[in-house]
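Participant: Got a predicted model here, sequence first, then my questions.
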Protein chains: 2
Amino acid sequence: MLTINTTRFKDTFACLTRDGATEAGGLNRPALSLNHLAARQTFREMIDAGGFELLEDGAGNLSARWTCNQSGAQTLMLGSHLDSVPEGGRFDGTLGVAAAFEVLHVLRESKLDLCMNLEVMDFTDEEGTWISLWGSRALTGQLSAREFANPRGNPAEFQAQLARAGLTQEGSLSASRENDPFAGYLELHIEQGTRLEKAQAQIGVVTGVVGIHMFLVTFHGTANHAGTTPMDERRDAAQGAAAFCQAVRKRTMASFADCVATVGRMDFTPGAFNIIPERVTVFMELRSDDDKRAGELEGALREEAAQAAREHSLDLDFDHLETVESRAMDLDLCRTIEAAADGLNLSYRRLLSLAGHDAQNMALLCPAGLLFVPSIGGYSHSAREYTRWEDCVAGANTLLNTAHAFALNMPKVLQV
Amino acid sequence: MLTINTTRFKDTFACLTRDGATEAGGLNRPALSLNHLAARQTFREMIDAGGFELLEDGAGNLSARWTCNQSGAQTLMLGSHLDSVPEGGRFDGTLGVAAAFEVLHVLRESKLDLCMNLEVMDFTDEEGTWISLWGSRALTGQLSAREFANPRGNPAEFQAQLARAGLTQEGSLSASRENDPFAGYLELHIEQGTRLEKAQAQIGVVTGVVGIHMFLVTFHGTANHAGTTPMDERRDAAQGAAAFCQAVRKRTMASFADCVATVGRMDFTPGAFNIIPERVTVFMELRSDDDKRAGELEGALREEAAQAAREHSLDLDFDHLETVESRAMDLDLCRTIEAAADGLNLSYRRLLSLAGHDAQNMALLCPAGLLFVPSIGGYSHSAREYTRWEDCVAGANTLLNTAHAFALNMPKVLQV
């Protein structure tokens, strides 16, 4: 088995987690923030110093490329992202870029006769500060002007930060590499949950990424005086929303253990101490890797919402706002990851990714593989996020040997 | 019994509900808005046209005064307010000003030998667009700079609207008339509830105004990934807040039928589809005329909040934000109102006011009486607010004869 240079890997990770480091021990690098731009500049300098080819596309995706001697060779891409959520952790995304960059070094140094180009990618805005999975959606031809007209943050601030970063809408919309010869995509990421830690497994082999279904559920009652309106005569939208919020948790846990559902926010109108709320909008999402199960859970939660509305004499709107489709990872690549882990004497288990990743977009273009390392305590999107260094090394070695095996197994016809 | 001039009363009410009239049939006159300033100007012109003395104080309180021939006579004040909540109804406040102004006309015309000055008051911002019960608190010496530093609305907008109205903080803080010789205060208002309608009573004799206790109840959990965090490991602040919201209603209705409690708003942090809420703040108020019962209900709801926090492994802050104290109306004045209603063959019942009124502040300076007329359907703070015209007339006649009887019953020593 090949092994990484742990000293260099440690240096690389230290360099890539320097910009935007917080006192709490995390990273504050929302996409296009000054901290994020600094981290990208650091990565550019590392690519140059490493003697790799530097590529940047119109969506801001930044990559290091090593080209083999074979003309017409396909490309194996490895990658993740350098951006973070506000006040996020050090491992989410950046560990994957650092590991992929180390793999690139080792494979070049090993002087193997690989008939494959290698590329290590930092995707723009994986966290969706402005556009969810922006970089990988641009690269796979899935962006339109609609996403630019409706950024997640303030539109004026978005335009200002785009300009500061030297990016444009046109650049992102023309960044598709759908016609490039990609042989495969591999990504190392932290689990962001506790399943590996609980199973005492060192490597998670991701078989698929869950679909995400977002809903706006609005209860309509009657605004009235909070003093003079008898409690048994109220049409209080807060009560319907609160009953539904609890039902989302209870029903999902009782009957849909393979799914998760979350109420992340409620908006109250008019929203004053002394007025019975006329309208409460519940922001609810559910996740499942099985679209049929997601549909069944949606049906069950529609029943719960209708019952909460009936109980409190409210009207109801139940709107399906947006869906991010579930996506299977490549089964052969799963087996290749498992074989690499076996060769390294690492324990592993298959699991679903309950979070979105750039791998789910790359899977539209080529076979994609995603492997996880344990998140201690499951903390995520927080400075408390933590992965043991030996697990980081184990993950990087698994990534390395998976990439190596994948390259060796490429059909000969492509190696001409 | 004396009777009002219904034609003139109808004209007065029509004039005073003209400014800020909405298409829906309500009034849109938040304090200091252009619509509100227009209504105040209309009232000024009516006072001039009626030949009454016009008074304005530093808090913007606007009144019509008729002085009797006796030097050293005390003043009976009658009043209510011309401001409304945004998109409010036509009767809340304005009916009371119109009725009081009609009473002033009739008592002057009746050429009775009253040894009492009469004053009809439009109090500023009863609805608390900027400062709750602003005008009557200023007049009774209960305002401080604190209220001006913390207006309910946007502070910059408050300063701009103050300046436009020609008002200042200093003016309000020096508007106290605590040393004026007030004999009493009388106010007619709509009930804003359904008790009179249900009891088929024409007049409500208010024995007291409930206290209002406002709380901010904050549940603290852990922000975490809405996909990767198993549902049984979450510290989800939304779940604690939702459980508490439902408990507020259930516990109050089950064990505190003499109180009301309302959750008017919840604020979610960080407040996104895909993040488990770290913190939810519940805006809760409770009302009771009995401070002991209010304290018992507060204790019960503290238990409910603690239980909701325990169930969902959350931390809890339960902060008592503000109290508006309960206030008894004058019992002799209650009897005088009842005698007037009896004389007019009107049905009546005693009740508590579950809303705040300027009368509760005036009760600090002198005996105060408050009478209600029915609100059909109980609609309040809405264009749907409605009181039958015959009930408005019955209320005005009761106000007239109560004022008359009160003036006649003044101790002779004051009539010298």
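Facilitator: Sure thing, it's come through.
Participant: ok, which stretches of the stretch 51-200 of chain A are strands?
Facilitator: A:53-56, A:62-66, A:75-80, A:117-122, A:182-190 (DSSP state E, counting those that start in this stretch).
Participant: same check, this time on the stretch 251-400 of chain A
Facilitator: Secondary structure of the stretch 251-400 of chain A (DSSP E, counting those that start in this stretch): strands at A:260-269, A:275-276, A:279-288, A:315-324, A:327-328, A:348-353, A:368-373.
Participant: The last one near chain B at all?
Facilitator: No - contact check for strand A:368-373 against chain B, using C-beta under 8 Å from any C-beta of the partner chain: none in range, with a minimum separation of 9.9 Å. (Each C-beta comes from the backbone N, C-alpha and C, glycine too.)
Participant: now for that strand, which elements pack on it?
Facilitator: strand A:182-190, strand A:203-209, helix A:331-343, strand A:348-353, helix A:358-362, helix A:389-408 (3 or more C-beta pairs under 8 Å, 6 or more residues apart in numbering or on different chains; DSSP states H and E).
Participant: Lowest-scoring secondary structure element of chain A by mean pLDDT?
Facilitator: strand A:224-225 (a mean of 88; mean pLDDT, DSSP states H and E).
Participant: Tell me which strands that strand pairs with, and in which orientation.
Facilitator: In the sheet, strand A:224-225 lines up against strand A:275-276 (antiparallel) (DSSP bridges).
Participant: quick one: contacts for residue A:224?
Facilitator: A:234-235, A:275-276, B:378-382 (C-beta atoms under 8 Å, 6 or more residues apart in numbering or on different chains).
Participant: So which of the residues you listed is the closest to residue B:134?
Facilitator: Closest approach between the contacts of residue A:224 and residue B:134, by C-beta to C-beta: residue B:381, at 17.4 Å.
Participant: which residues touch the closest one?
Facilitator: Contacts of residue B:381 by C-beta under 8 Å, 6+ apart are A:223-225, A:275, B:85, B:88-89, B:92, B:192.
Participant: Residue A:16 too?
Facilitator: Per C-beta under 8 Å, 6+ apart, neighbours of residue A:16: A:39, A:42-43, A:46, A:82, A:94, A:97-98.
Participant: can you check residue A:185 too?
Facilitator: A:76-79, A:359, A:362-363, A:365-369.
Participant: what residues does the stretch 51-200 of chain A put near chain B?
Facilitator: Going by C-beta under 8 Å from any C-beta, the residues of the stretch 51-200 of chain A near chain B are A:191-195.
Participant: Spatially nearest residue to residue A:294 (excluding sequence neighbours)?
Facilitator: residue A:288 (4.0 Å; C-beta to C-beta, 6 or more residues apart in numbering or on different chains).
Participant: what's the burial count for the one you found?
Facilitator: Neighbourhood size, residue A:288 [other C-beta atoms under 10 Å in any protein chain shown]: 24.
Participant: again with residue A:339
Facilitator: 14.
Participant: now it: how far from chain B?
Facilitator: 26 Å (C-beta to the nearest C-beta, to the nearest Å).
Participant: rewinding a little: among the strands of the stretch 51-200 of chain A, which is nearest residue A:162?
Facilitator: Here strand A:53-56 is closest among the strands of the stretch 51-200 of chain A (C-beta to C-beta), at 14.8 Å.
Participant: Packing partners of the closest one?
Facilitator: Counting by 3+ C-beta pairs under 8 Å, 6+ apart, strand A:53-56 packs on helix A:34-50, strand A:62-66.
Participant: and the shortest one, what other elements does it pack with?
Facilitator: Using 3+ C-beta pairs under 8 Å, 6+ apart as the contact criterion, the neighbours of strand A:62-66 among helices and strands are helix A:34-50, strand A:53-56, helix A:94-109, strand A:117-122.
Participant: Give the partner strands of the last one in its sheet and their orientations.
Facilitator: Looking back up the chat, that one is strand A:117-122. Partners of strand A:117-122 in its sheet, by DSSP bridges: strand A:62-66 (antiparallel), strand A:75-80 (parallel).
Participant: possible to save the helices and strands packed on strand A:368-373 as a markdown table with mean pLDDT?
Facilitator: Output for the helices and strands packed on strand A:368-373, formatted as a markdown table (pLDDT from 0 to 100):
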| stretch | mean pLDDT |
| --- | --- |
| strand A:182-190 | 97 |
| strand A:203-209 | 97 |
| helix A:331-343 | 98 |
| strand A:348-353 | 95 |
| helix A:358-362 | 97 |
| helix A:389-408 | 97 |
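Participant: could I get those as a markdown table with distance to residue B:254?
Facilitator: Shown next, in a markdown table, are these (distance: least, C-beta to C-beta, whole Å):
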| stretch | distance to residue B:254 |
| --- | --- |
| strand A:182-190 | 48 |
| strand A:203-209 | 47 |
| helix A:331-343 | 56 |
| strand A:348-353 | 44 |
| helix A:358-362 | 50 |
| helix A:389-408 | 53 |
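Participant: Tell me which of those lies nearest to residue A:14.
Facilitator: Using C-beta to C-beta as the measure, helix A:389-408 is the one of those that comes nearest residue A:14, at 11.3 Å.
Participant: which regions of chain A sit below the pLDDT cut-off?
Facilitator: A:411-416 (pLDDT under 70).
Participant: about what we covered before: now the strands paired with strand A:117-122 as JSON lines including mean neighbour count?
Facilitator: Formatted as JSON lines, the strands paired with strand A:117-122 follow (neighbours: other C-beta atoms under 10 Å in any protein chain shown):
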{"stretch": "strand A:62-66", "mean neighbour count": "22"}
{"stretch": "strand A:75-80", "mean neighbour count": "26"}
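Participant: Same list (these) but as TSV, adding distance to residue A:131.
Facilitator: Below are the strands paired with strand A:117-122 laid out as TSV (distance: least, C-beta to C-beta, whole Å):
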stretch	distance to residue A:131
strand A:62-66	17
strand A:75-80	17
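Participant: Identify the residue spatially nearest to residue A:194, adjacent ones excluded.
Facilitator: Per C-beta to C-beta, 6+ apart, closest to residue A:194 is residue A:378, 3.8 Å.
Participant: hang on, that neighbour packs against residue A:198?
Facilitator: No - using C-beta atoms under 8 Å, residue A:378 is not in contact with residue A:198; the gap is 9.2 Å.
Participant: what about the two, which has more around it?
Facilitator: Using other C-beta under 10 Å, the more surrounded residue of residue A:378 and residue A:198 is residue A:378, with 24 against 11.
Participant: In contact with that one, which residues?
Facilitator: So residue A:378 contacts A:191-194, A:197, B:224, B:228-230, B:233 (C-beta under 8 Å, 6+ apart).
Participant: Mind picking the two most distant members of these?
Facilitator: Maximum distance among these (C-beta to C-beta): 14.6 Å, for A:197 and B:224.
Participant: Could you report the distance from residue A:71 to residue A:115?
Facilitator: Distance check for residue A:71 against residue A:115: by C-beta to C-beta, to the nearest Å, it reads 10 Å.
Participant: Looking at the two, which is more packed in?
Facilitator: residue A:115 (20 against 7).
Participant: Could you report the separation of that one from chain B?
Facilitator: For residue A:115 relative to chain B (C-beta to the nearest C-beta), the value is 37 Å.
Participant: Any figure for the gap between that residue and residue A:369?
Facilitator: Between residue A:115 and residue A:369 the computed distance is 19 Å (C-beta to C-beta).
Participant: Over to residue A:255?
Facilitator: In terms of C-beta to C-beta, residue A:255 sits 32 Å off from residue A:369.
Participant: And those two? Which one has more around it.
Facilitator: Under the criterion of other C-beta under 10 Å, the comparison of residue A:255 against residue A:369 puts residue A:369 first, with 28 against 12.
Participant: tell me the contacts of the more buried one?
Facilitator: With contact taken as C-beta under 8 Å, 6+ apart, residue A:369 is in contact with A:184-187, A:206, A:329-330, A:333-334, A:336-337, A:359, A:402.
Participant: about what we covered before: out of the helices and strands packed on strand A:53-56, which one sits most buried?
Facilitator: strand A:62-66 (a mean of 22; mean count of other C-beta atoms under 10 Å in any protein chain shown).
Participant: what separates it from the chain centre, distance-wise?
Facilitator: Centre-to-centre, strand A:62-66 and its host chain are 21 Å apart (C-alpha atoms, centre = their mean, to the nearest Å).
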